[in-house]
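In: just need the structure, nothing else, for what follows:
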Amino acid sequence: MSANETIKKGEVIHVADSVGYAIGAIVSKTILKQEKGNITLFSFDAGQGLSEHTAPFDALVHVVEGEAQVSIGGEPRLVREGEIVIMPAGVPHALHAEKPFKMVLTMIRGA
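Out: Numbers count the residues shown, from 1 in each chain. Alright, predicted model coming up:
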């Protein structure tokens with residue numbers, strides 16, 4: 001699947017193959033965007049990350065390749081391929097790639 005293609009409902013995809021790495025960058029691809037939430041696939045090159053921020057809704061990180069350093073409320077944790085972590089709404093969080101990794105980010109908006 002090229003970067004310009006969209007993922008169609010009912011289509012079976014291999015998640016890790018659906019977004020490539022870019023040197024010194026973060027690449028994202030929206031899988032599903034709805035009023036109540038979004039699902040986005042990301043790849044992070046080594047050394048890349050998302051600085052500490054908060055969101056008004058819960059966000060689930062599912063690492064599909066590699067591993068990421070995820071900080072939630074100032075507490076760091078290593079999340080590896082096949083693992084998930086939920087970043088709660090309103091709690092500061094950040095992500096950092098010690099080495100390249102890919103993740104699916106699912107954000108669910110509350111009522």
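
In: lowest confidence element among the helices and strands of the protein?
Out: strand 26-34 (a mean of 90; mean pLDDT, DSSP states H and E).

In: next SSE after that one?
Out: Reading on from strand 26-34 to the C-terminus, the next helix or strand found by DSSP states H and E is strand 37-44.

In: give me the distance from that following strand to the chain's centre.
Out: 5 Å (CA atoms, centre = their mean, to the nearest Å).

In: may I see the buried residues of the least confident helix or strand of the chain?
Out: Buried positions in strand 26-34, judged by neighbour count with 16 or more other CB atoms under 10 Å: Val27, Lys29, Ile31. C-beta coordinates here come from the backbone N, C-alpha and C atoms, glycine included.

In: how about the nearest residue to Asp58, chain neighbours excluded?
Out: In space, and not counting its chain neighbours, Asp58 is closest to Ala89: 5.2 Å by CB to CB, 6 or more residues apart in numbering.

In: for Gly74, same thing?
Out: Distances taken as CB to CB, 6+ apart put Pro92 closest to Gly74, at 7.1 Å, once the chain neighbours are dropped.
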